[in-house]
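In: The sequence and its predicted three-dimensional model are supplied below.
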Amino acid sequence: MKGSSYILSAAFIHLIRNPDYSIYARLNLLCYIFDWIKARFYFEQNEELKKELKEIEDELEELRDAYEPLLDDDVEFSALKRAEFEKAMDRVRFRIVNIVENFELLDAGMISEFYIGGGKR
């Protein structure tokens, strides 16, 4: 299994298995996943893909800039802000998953290998 595929599998599994992670932790995982994808396509000549990657990078930067620790507090008045932030993260995550799917960066076998190995390499 290619190293980057293994790392992507691990990061996605952590994201899926731990929906109760803080917003901050999940945002960091999304950024980590995106960095691996961006590295994979760093020398890509496809202008449409390069544009898509730049847009995702900008959205992640906006999310990082907009993050406030209050979003991770269990305070009633932050619930609406937290919901809006979560929706923005959902949109970015979809775009990232779409790239992973369309370019076949992961497949069931890669994820199974991660599971079978117990998440260790």
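Out: Happy to help now that I have it.
In: what's the helix or strand for residue 53?
Out: Assessed by DSSP states H and E, residue 53 sits inside helix 47-66.
In: which parts of that helix are buried?
Out: 52-53, 56, 59-60, 63 (16 or more other Cβ atoms under 10 Å). From N, CA and C alone the C-beta is placed, and that goes for glycine too.
In: Could you pull up the residues touching the most centrally placed residue in the chain?
Out: For the chain, the residue nearest the mean C-alpha position is residue 30 (2.5 Å; Cα atoms, centre = their mean). The contact partners of residue 30, by Cβ atoms under 8 Å, 6 or more residues apart in numbering, come to 15, 60, 89, 92-93, 96.
In: buried residues in the host helix or strand of it?
Out: Using DSSP H and E, residue 30 sits in helix 23-40. By neighbour count on 16+ other Cβ under 10 Å, the buried set for helix 23-40 is 23, 26-27, 29-31, 33-34, 36-38, 40.
In: what about that helix, average pLDDT?
Out: The pLDDT scores in helix 23-40 average 95.
In: now the angle from that helix to helix 47-66?
Out: Inter-element angle recorded for helix 23-40 and helix 47-66: 160 degrees (by axes from the mean of the first three to the mean of the last three Cα atoms, to 10 degrees).
In: And the helix ranked longest in the chain, what does it pack against?
Out: Longest helix of the chain, by residue count under DSSP state H: helix 79-102. Contacts defined by 3 or more Cβ pairs under 8 Å, 6 or more residues apart in numbering; DSSP states H and E place helix 79-102 against helix 3-17, helix 23-40, helix 47-66.
In: what's in contact with that helix?
Out: In contact with helix 79-102 (Cβ under 8 Å, 6+ apart) are residues 8, 12, 15, 23, 26-27, 30, 33-34, 37, 49, 52-53, 55-56, 59-60, 62-63, 66-68, 70-71, 105-106.
In: Appreciated, that's everything.
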